[in-house]
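[1] whatever this is, show me its structure:
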Amino acid sequence: VSHVVYKYACASCNACYIGQTHVHYMTRVHEHLATDKASAVYKHVHDNPECMNVTDNDSFSILDRADTKFKLRIKEAIHINSCTPILNVQKISYKLSLLI
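    Residues are numbered from 1 along each chain as shown. I've put the predicted structure just below:
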């Protein structure tokens, strides 16, 4: 599965992160856990041993899907805006506003 919006939820401290990916979902999960040292999830898990002990693939879930990059970014922004995940502090998402 690719082109999804996903959520990481830490079972230890309830920190969460919302992201989107064009690559295969499980590839991105693996990157967050093992190889992407710039990832907020990677940093959180590796800086907190108690969180590392409870984090695995099941800490991630798919929230939404889209068939274009534009729709995926909009859906990611909506989820970030509605959940305000603590690990997305550095994350830039589309600014959403309604035109009336």
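
[2] which SS class is residue 54?
    Secondary structure for residue 54, judged by DSSP: H, G, I helix; E, B strand; the rest coil, is coil.

[3] check which residues of stretch 9-29 are buried.
    Buried positions in stretch 9-29, judged by neighbour count with 16 or more other C-beta atoms under 10 Å: 9-10, 12, 15-21, 25, 28-29. Every C-beta, even on glycine, is put in place using the N, C-alpha and C of the backbone.

[4] for residue 71, see how far away residue 60 is.
    For residue 60, the distance to residue 71 equals 21 Å [C-beta to C-beta, to the nearest Å].

[5] of the two, give the one with the bigger neighbour count.
    A count of neighbours by other C-beta atoms under 10 Å puts residue 60 above the other of residue 60 and residue 71, at 20 against 15.

[6] for residue 54, which non-adjacent residue is spatially closest?
    Closest residue to residue 54 apart from its sequence neighbours, by C-beta to C-beta, 6 or more residues apart in numbering: residue 11 at 4.3 Å.

[7] who are the contact partners of that neighbour?
    Contact partners of residue 11, counting by C-beta atoms under 8 Å, 6 or more residues apart in numbering, are 54, 55, 59.

[8] which residue ranges of this protein form helices?
    Taking DSSP state H, the helices of the chain run over residues 25-30, 40-47, 49-52, 69-83.
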